[in-house]
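K.L.:
Sequence and predicted model, in that order:
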There are 2 protein chains.
Amino acid sequence: MAHQAFDPGYGDEPFRSLASDFPGEETYPATAFRVEWGPVFHRGRLDGSARVVVIGQDPAQHEAITRRILVGAAGQRTQGFLAKLGILTSYVMVNTFLYSVYGQAGGEGHADDPAIATYRHRWLDALLLDQPVEAVVALGRLADRAFHTWKATPTGQQVQVGYQHITHPTAPESSAARDPERYDQAMAAMLANWNTALHQLEPAMQHPDVDKDLVEYGDRLQSDDYAPIPAGDLPAGLPAWMRSRAWAVRRGETDDARRATIVVTVPRAARPWPTGPTEPTSDGPRR
Amino acid sequence: MAHQAFDPGYGDEPFRSLASDFPGEETYPATAFRVEWGPVFHRGRLDGSARVVVIGQDPAQHEAITRRILVGAAGQRTQGFLAKLGILTSYVMVNTFLYSVYGQAGGEGHADDPAIATYRHRWLDALLLDQPVEAVVALGRLADRAFHTWKATPTGQQVQVGYQHITHPTAPESSAARDPERYDQAMAAMLANWNTALHQLEPAMQHPDVDKDLVEYGDRLQSDDYAPIPAGDLPAGLPAWMRSRAWAVRRGETDDARRATIVVTVPRAARPWPTGPTEPTSDGPRR
């Protein structure tokens, strides 16, 4: 028998209502958001055990398939960041936007839309008011704005909590994917920013899952700096490879086809069947 | 705001344990089952309100993405069959196998594997013992065998319930997809089999969701004979198009690549964005 924990999801209030009544296309225009993939709500603890709330930006292709946010590269880097604070499972994450951002504007034009904020505030209220959360971490500028918008509400004003805005975990890819030199600079700048944030956050973390000395990032991400998504964060039955690798891409010959298509591929190392010797390969040695 | 019901899933026992401890590759060999996509457990009511239990065969590509069984063509035909009995939501479905069958043998060689049956019996016990279920419907020969194997257990012997074994809803595709004449014959034979079963089942259905006169199938499936999967059967946030169309295919240039890949495509009619006039089309008229 296999044992695999899973996230029980949205069975209890207020999450049951939040997951059945949510802003749709009337609030998130299809020209700026990929509403066609449906909303993706959260990842992590909804049982009141979270000590850190992470605010991300928007879900992408891995998240459209797993139906939890921050599962792909950004999520695995965030998971590594939390691990440096001794936080292995005591977190919960929500995004600025329920739907994936589409187009160059990157959601910028909708950062202050009241209907988007009103619903997001219901999540933040549920996760932060009268909860044992010790710190909030915002990933990127729009998430920072989302936090401050909420903090100015009557509920937000009641909540005292540590707070850090950090560079978004895939900012280097967004700003400099095709220029190796600029990419390295952007990565080093991000990790320096993260090191500063870790030192700021550490005193706030009174109840980490494990006690450990803070080990700073170097100039570039090491493989240890990625942490796999815990099984208990994903819905029941999802295969383990969905938690630790890149396995979903948008693909198509036209913009339209690319927007309409997600290709899911079991990573080579996770294939349990015997593979033939003559198969063309692109992502690893033949075996 | 959008309102969309969802399946709250496996939060309560015994389903919480069934969804976290399940047979893996030690029980389902990777040569005969697509274990790499993870187990897919059920679809429908787990709250004791089911009046019909459906036993299917195995999940396929749509089910690997939605994480609920009988969602694709077989599921939409089954949904239509239940609707003819007035059963719109009061059902629950489990499969003979947790994983998709791989290869020509079609699971035949594993139909009686004790470890597969032992776990399946725990589901059937939970869904049938001391429950208000009025009928069990088995889809295809292996599901029929699964029911009778369970019925011979001490628990199965305690349960009195109507039962019908019907032709599997995609049997015409399996046996005659490339021969239109034989396909039409297989379809007509299946629908005649289903009509007989409907008449047998009708007296057992004492508490249908709606009262309606039984309308038989004709010689071929009409579009009304497919019923969409209710929103309340799928996990939170899944887009509506995942419940009423074909949108997932296995694709690859080698057997290996095809086994490793599922392509998910938003159906043309469900795309909310404006599409360009010059795009090449394959599944409908240009617009």
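P.N.:
The structure has been received and is ready for your questions.
K.L.:
use CA for all of it now, contacts and neighbours both
P.N.:
OK.
K.L.:
Which strand or helix spans the closest residue to residue A:219 other than its chain neighbours?
P.N.:
Nearest residue to residue A:219, sequence neighbours excluded (CA to CA, 6 or more residues apart in numbering or on different chains): residue A:188, at 4.7 Å. Take DSSP states H and E as the rule and residue A:188 turns out to sit in helix A:180-201.
K.L.:
The residue in the stretch 51-200 of chain A positioned nearest to chain B: helix or strand, and which one exactly?
P.N.:
In the stretch 51-200 of chain A, no residue comes nearer to chain B than residue A:65, which is 6.6 Å away by CA to the nearest CA. Assigned by DSSP H and E, residue A:65 belongs to helix A:61-66.
K.L.:
Could you export stretch A:84-94 as CSV, CA atoms only?
P.N.:
C-alpha atoms of stretch A:84-94 as CSV (Å, rounded to 0.1, in the frame of the first residue of the first chain):
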residue,chain,number,x,y,z
LYS,A,84,15.2,28.4,5.8
LEU,A,85,12.9,29.9,8.5
GLY,A,86,12.1,26.4,9.8
ILE,A,87,8.6,26.5,8.3
LEU,A,88,7.9,23.2,6.6
THR,A,89,4.1,22.9,6.7
SER,A,90,2.8,25.7,8.9
TYR,A,91,1.9,28.1,6.1
VAL,A,92,-1.0,29.1,3.9
MET,A,93,-0.7,30.8,0.5
VAL,A,94,-3.2,32.9,-1.5
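K.L.:
Now do it: everything it contacts.
P.N.:
By CA atoms under 8 Å, 6 or more residues apart in numbering or on different chains, the residues outside stretch A:84-94 that reach it are A:41-46, A:49-56, A:69-70, A:79, A:82, A:123, A:127, A:198, A:201-202, A:205, A:208-212, A:214-215, A:230.
K.L.:
if we can go back for a sec, neighbours of the residue of the stretch 51-200 of chain A closest to chain B, how many?
P.N.:
23 (other CA atoms under 10 Å in any protein chain shown).
K.L.:
Could you pull up the contacting residues of it?
P.N.:
Counting by CA under 8 Å, 6+ apart, residue A:65 makes contact with residue B:65.
K.L.:
thinking again about what came up before, tell me if I'm right that the residue nearest to residue A:219 and residue A:217 touch.
P.N.:
No - under the criterion of CA atoms under 8 Å, residue A:188 makes no contact with residue A:217, lying 9.1 Å away.
K.L.:
Need the contact partners of the helix or strand encompassing residue A:142.
P.N.:
Taking DSSP H and E as the criterion, residue A:142 maps to helix A:141-151. Applying CA under 8 Å, 6+ apart, the contact partners of helix A:141-151 are A:55-57, A:95-96, A:108, A:111, A:117, A:121, A:124, A:138, A:156-157, A:159, A:165, A:167-168.
K.L.:
What residues of the following helix or strand past that helix count as buried?
P.N.:
Once the chain leaves helix A:141-151, the next helix or strand it forms, by DSSP H and E, is helix A:154-158. Using 16 or more other CA atoms under 10 Å in any protein chain shown as the test for burial, helix A:154-158 gives residue A:156.
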